Structures are given as C-alpha cells and as structure tokens.
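> Structure for this input, please:
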Amino acid sequence: MINETITPTDAMHQWLQEREIRQFLEALHQFGEAGRQALLNNRSRLQERFDAGYRPTPLPETQDIRSGSWRVTDIPLDLRDRRVEITGPPERKMIVNALNSGAQVFMADFEDACSPSWGNICAGQYYLWQAVRRQINFRDEERGKAYVLNERTATLMVRPRGWHLNERHINIQGKPMSATLFDTGLYLFLNAQTLIDQGSGPYLYLPKIENHQEAAYWASVLDYMVRYLRLPEGILKVTVLIETITAAFEMEEILYALRHYIVGMNAGRWDYLFSIIKKFRHDPHFLLPDRARVTMTAPFMTAYAERLVDVCQRRGAAPIGGMSAFVPSSHEEVNRHAFAQVKADKLREQQQGFVGTWVAHPALVAVAHSVFTAESMTARASPPSEANPNLDHARKTSTTAAASSDASHLFADPLGIGHPQLLEHDTASVDLLQVIEHGPITELGMRNNIRVGLLYLAHWLAGKGAVTVNNLMEDAATAEISRAQLWQWLRHRVVLDDGRTCTPELFDTLLHEEIRSLPFELADKPDALRQLTQAIRLFKQMVTSMDFEEFLTLPAYALID
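As a prediction, the model looks like this:
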C-alpha cells in the first residue's frame with residue numbers, strides 16, 4: 001500500500017522494491033523482448049523495401065481472413081458508448097479535468113502527449129493509481145480552486161509508449177526494458193483487479209501498429225499478461241490506432257489477430273500523415289503541400305476514414321474519429337470560428353459512420369456531443385449481443401458503468417452489424433495511395449513547420465509533451481509531420497508557390513528568422529526557454545541530415561533525464 005503523502009517518484013521506488021512487481025516485469029521482459037527486437041528489425045527491412053519502390057497492396061495470403069464470416073468479441077458495458085473521447089497526458093490536473101469533462105472516455109497518453117522523463121512516467125503511473133481508486137485531487141493555488149472527481153466520470157483508457165522506445169531507467173539483465181512493456185505491465189499489475197472489482201476493466205489504446213504480424217505479437221503479449229496476472233477471460237480490452245499507411249491496408253487482419261481483445265479502431269490522422277511522409281520519403285510523387293492544407297477532406301484521407309468505418313461496421317468494432325486539436329482562447333471571435341470548424345469536422349465524421357470522436361480540451365466535449373448525440377446514434381444500434389459468459393460477475397451485474405452514460409445500451413452491436421459482407425471494391429490498392437495533392441508549398445508553410453517543431457521540442461525537452469501553439473494542441477505526432485515535411489521538401493528541392501526552390505540555404509535563412517522571435521514567445525516559459533538552444537540544434541540536425549530519423553523522440557530521449 002502506498003502512503004498518499006509521498007511523491008510519485010517515491011511511490012515508483014516503493015513499487016519497484018516489491019518482489020512480485022519485479023518478478024512480473026522481469027518475466028514480461030524475458031517473454032517479450034526477443035519478439036520486440038524482431039518486430040523492430042522487420043520495420044527496418046520493410047522501410048528498405050519502401051525506399052526501393054515497394055507499394056503496399058492487399059495481402060493474398062490473408063484473403064481467407066478478409067472473406068471469412070467472423071466478428072470481434074463482445075464490447076464491455078462501459079465501452080459501448082464512445083461518442084466523445086478526450087485525450088491528454090497523465091498529469092494530475094489533466095486526469096481530474098478529463099475524467100470530469102463529460103466525455104465518455106478519457107485516454108491517458110504516455111506516448112505522443114507525454115515527454116517521457118522519469119519524473120513524468122512516475123507521476124503518470126502514480127496519478128492513474130490514485131484515479132482508479134478515486135483518491136486523486138488537485139488544488140490550483142493561483143486560482144484558489146480545488147479539483148476532485150465527480151460522482152460520474154469518463155471511462156479510463158491508457159495508451160502506452162510505442163515499441164520503438166526503451167525505458168532506460170529499468171534495466172533487466174543489462175538491457176533497458178521496452179517502454180511499452182513497462183507502461184502496460186505496471187499499469188495492469190497495479191490497477192487491473194481494482195478496476196474489475198469496480199465493475200469495469202483494464203482498457204488500453206495500442207499505438208503505431210504497422211501490420212497484422214505486430215497485432216499478433218500484441219495478442220501474444222496480452223495473453224501472457226492475462227495468464228500471469230490471472231485476469232478473467234475477456235476482461236482486458238483494447239482499441240487500436242490506425243496511424244500507419246501499412247496498417248490501413250491490413251485493418252481486417254489486425255482486427256482478426258486481436259479479435260479476443262479488440263473493441264474498436266481509431267483514425268489517428270496526424271500519425272497517419274507522418275507515416276505516409278516517412279514511408280514514401282524518397283518518392284517525389286508523395287510530396288504533400290503545407291500541413292494546414294492537408295485535411296480529412298483530401299481524397300486519400302477520406303478513403304482512409306471510410307475504409308476504417310466500413311471494416312469496423314462489418315466486424316463488430318467501434319470506429320472512432322480523429323482529433324480536434326483546437327484549444328479555446330480568450331478571444332470570443334476566434335473561438336466562434338474555431339468551434340464552427342470543429343463542429344463541421346465532427347459532423348463529417350458522424351455522417352461517415354464513426355460512432356465517436358476525439359477532442360483535446362474539455363471545452364470541446366460539448367461541441368462534439370452536439371453532433372454525436374444519443375439520438376443520432378440510435379438508428380445505427382441493434383439489440384445487445386450475447387455477453388461473453390466468461391466475463392467476471394462483477395462486470396455483468398455492475399450498475400456503476402451503466403450509470404456513467406445515458407446511451408450505454410447503444411453499442412453492444414456497434415452500428416447494427418449483421419453478417420459481414422465483402423466490399424464491392426477494395427479501396428486499399430486504389431484510393432489509399434492517391435496521395436498527390438495539388439495545394440501549394442509555401443514559405444509560410446515552411447515557417448510554420450519550423451516554429452512548431454522548435455517550440456514543441458523545447459517544451460518536450462523541458463518535460464511537457466502537449467503544447468499549445470496558435471490555439472492548437474501540438475504533440476509528438478504534429479511535430480513529426482513538421483520536421484518530416486521539411487526534410488522531404490529539402491530532399492526533393494521542391495519549388496515554392498513564389499518560384500523559389502526549397503534549399504538548405506533557404507531553410508537556414510528562415511530558421512534563423514524564426515529563432516529571433518522564440519525567446520520572446522517563451523519568456524513566460526523559462527524551462528522551455530532554457531532548452532531552446534538544444535532544441536534548435538536537434539531540429540536542424542534532423543531536418544538537414546541525409547538520413548531520416550525514424551522518430552524524433554529517439555534522439556530527443558537521450559537529452560532528458
């Protein structure tokens with residue numbers, strides 16, 4: 001038992017001193033590390049194929065999966081209504097506000113929205129431990145306001161870090177532990193049984209899956225943790241983010257590999273764009289215009305969204321829409337215009353068939369709810385499917401989860417799915433790769449990418465993984481797009497809309513001009529300001545290097561504690 005007055009770092013130290021936890025983490029590492037390394041090696045080999053001109057197509061060897069009549073397993077009561085999901089870092093104030101926001105789900109994000117300093121990882125695990133036990137609170141001394149959990153709160157989900165990242169503070173047999181295994185394993189060990197006792201369960205978001213082999217690897221890891229922790233069959237549930245171009249071609253195969261665990265798929269739009277740039281970085285036919293001009297209405301993004309909805313509809317999973325990154329400001333006219341844009345984006349998703357969507361700020365929950373109403377979803381629902389008889393009795397009889405939503409009955413069979421039907425045409429081989437966009441690449445686009453990349457990296461190195469820039473919530477995914485676009489534009493010497501060529505000299509000029517204003521912008525952020533020089537050095541290196549760094553967080557991780 002953790003003393004509630006200790007610090008998160010002290011709590012982590014106490015946990016890691018417990019023999020049962022150490023044994024579990026060691027066993028998890030021994031079980032999973034070889035498979036993880038094979039997975040990472042496969043990613044490298046696949047990128048070599050992309051560099052040589054490979055283009056993904058539907059896999060002939062998995063045709064039986066795509067044509068088979070199968071569905072994912074049942075959806076728990078407290079994950080049947082997912083109209084609005086709010087995401088953010090696992091920080092104390094964010095956790096309280098997000099759980100109280102009125103959203104159906106809060107995804108606590110150890111990945112793109114979290115700078116993985118050891119202090120942040122300790123704090124995230126500790127505050128989630130408190131939140132699960134309803135012991136979390138927060139007091140804003142400047143405003144004199146206390147924050148405590150409401151009686152009804154959002155359902156908690158957790159996104160661990162990706163397979164490419166290590167947790168260097170946990171060494172087992174002389175090797176750093178996978179950050180994914182550490183985040184997931186410790187969270188489940190500490191909280192799974194408590195969540196089950198409350199009538200809920202441990203729910204995860206799985207990031208950056210590349211293909212169905214990785215999904216199968218995830219399934220084996222989940223199987224191992226369920227057996228080791230003696231969790232009831234069917235209690236651990238996951239949602240997969242479809243945020244890589246390769247995963248978009250294998251959605252059904254991914255669902256099938258995880259069919260005993262998966263309940264939904266999310267359109268992770270920003271990482272998806274980054275994946276397209278990264279995978280096709282050497283191909284001039286895959287150059288994208290200014291980031292701000294690539295919206296979900298672009299044909300290749302529409303194809304991606306519609307395919308995700310179609311696959312989920314036919315296989316019994318919930319399709320969840322992408323992020324609205326707007327953060328409200330003090331200017332009412334700015335908010336009015338932005339709220340209208342957010343509502344239009346959510347209306348498009350609702351009309352495409354998504355059953356829910358993501359927002360980054362509590363003020364947007366009501367905007368999203370105005371589109372994803374209980375009434376608008378009812379027409380898609382069918383009578384509840386038969387429950388899994390192996391689910392723990394606490395879940396089946398609990399009224400706590402049902403009380404958390406006024407529409408929890410809607411998605412036992414999301415979107416009223418009957419028997420799976422084959423697509424009349426497979427959009428994967430045609431529409432998903434129609435990436436050519438004719439919008440301009442501009443000096444303003446270059447400047448915006450430079451500014452966002454530098455500001456985000458400075459904050460990230462200072463310990464903040466979700467950063468507001470121009471009333472938009474920027475995270476690692478949007479920073480990845482910023483530096484990847486610049487790298488690609490330089491590599492291919494693209495011509496800007498004003499006739500100039502994107503050269504290292506032009507980039508250097510714009511970089512130095514943008515740098516001049518940043519100390520003033522960070523004047524009230526001293527921690528980020530202290531990291532600015534280091535951020536500039538790292539960002540410039542990643543943009544101008546001949547080699548493309550797979551993830552900016554890999555070299556950046558070496559620069560934090």
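
> what's in contact with the helix or strand hosting Asp223?
In the assignment (DSSP states H and E), Asp223 maps to helix 212-229. Residues outside helix 212-229 that contact it (C-beta atoms under 8 Å, 6 or more residues apart in numbering): 24, 27-28, 31-32, 35-36, 39, 42, 62, 163, 181, 184-185, 188-189, 192-193, 206, 209, 231, 233, 235-236, 238, 240, 250, 253-254, 256-258, 260-261. C-beta here means a position set from N, CA and C on the backbone, and glycine is covered the same way.

> Centroid-nearest residue for this protein?
By C-alpha atoms, centre = their mean, the chain has its centre lying nearest to Pro207, at 5.7 Å.

> For that one, report the pLDDT, please.
Per-residue pLDDT puts Pro207 at 97.

> That one against Leu165, yeah?
No - contact criterion C-beta atoms under 8 Å: Pro207 and Leu165 do not qualify, at 10.1 Å.

> Next up, the contacts around the residue nearest to the centre of the chain.
Glu111, Asp112, Arg159, Pro160, Arg161, Gly162, Leu241, Glu243, Gly268, Asp271.

> next one: phi and psi at it?
Torsion angles at Pro207 (phi, psi; degrees, to the nearest 10) stand at phi -100, psi 150.

> Could you measure from it over to Asp475?
With distances taken as C-beta to C-beta, to the nearest Å, Pro207 is found 12 Å from Asp475.

> swap in Asn211?
Asn211 is 24 Å from Asp475, by C-beta to C-beta.

> Between those two, which has more neighbouring residues?
Asp475 (25 against 22; other C-beta atoms under 10 Å).

> excluding its backbone neighbours, what's nearest Arg293?
The shortest distance from Arg293 to any residue other than its chain neighbours is 4.2 Å, reached at Gly439 (C-beta to C-beta, 6 or more residues apart in numbering).

> Can you get me a residue count around that neighbour?
Gly439 has 15 neighbouring residues, counting by other C-beta under 10 Å.

> Go ahead and confirm it touches Arg291.
No - with contact defined as C-beta under 8 Å, Gly439 does not count as touching Arg291 (10.3 Å).

> For the longest helix belonging to the chain, buried residues please.
Looking across the chain with DSSP state H, the single longest helix is helix 19-51. By neighbour count on 16 or more other C-beta atoms under 10 Å, the buried set for helix 19-51 is 21, 24-25, 28-29, 31-33, 35-36, 39, 43, 46-47, 50.

> packing partners for that helix?
Here helix 19-51 touches strand 166-172, strand 175-178, helix 179-197, helix 212-229, going by 3 or more C-beta pairs under 8 Å, 6 or more residues apart in numbering; DSSP states H and E.

> and that helix, how far out from the chain's middle?
20 Å (C-alpha atoms, centre = their mean, to the nearest Å).

> What is the subsequent helix or strand relative to it?
The first helix or strand that comes after helix 19-51 along the chain, using DSSP H and E, is helix 63-67.

> Just the CA coordinates for the next helix or strand after that next one, please, in CSV.
With elements assigned by DSSP H and E, the helix or strand that comes after helix 63-67 is strand 84-88. Presented in CSV, the C-alpha positions along strand 84-88 are these (Å, rounded to 0.1, in the frame of the first residue of the first chain):
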residue,chain,number,x,y,z
VAL,A,84,-16.7,11.7,-27.2
GLU,A,85,-13.2,10.8,-26.1
ILE,A,86,-10.8,13.3,-24.6
THR,A,87,-7.1,12.7,-24.6
GLY,A,88,-4.1,14.1,-22.8
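
> Just checking: what are the partner strands of strand 84-88?
strand 105-109 (parallel), strand 356-359 (parallel) (DSSP bridges).

> Quick one: name whatever helix or strand follows the shortest one.
When you say that, I think you mean strand 356-359. In N-to-C order, the element after strand 356-359 by DSSP H and E is helix 365-371.

> rewinding a little: what do Pro207 and Asp475 both touch?
Residues within reach of Pro207 and of Asp475 at once, by C-beta under 8 Å, 6+ apart, are Asp112.

> Domain-wise, how is this protein divided?
If you go by automatic domain parsing, the domain ranges for the chain are 8-324+331-416, 440-557.

> Go through stretch 553-560 and flag the buried ones.
Quick answer for stretch 553-560 (16+ other C-beta under 10 Å): Thr553, Ala556, Tyr557, Ile560.

> The third one contacts Leu165, doesn't it?
Yes - Tyr557 sits in contact with Leu165 when judged by C-beta under 8 Å, with a separation of 7.0 Å.

> Need the overlap of contacts for these two.
Pro116.

> Contact partners for Met94?
Residues near Met94 by C-beta under 8 Å, 6+ apart: Gly88.
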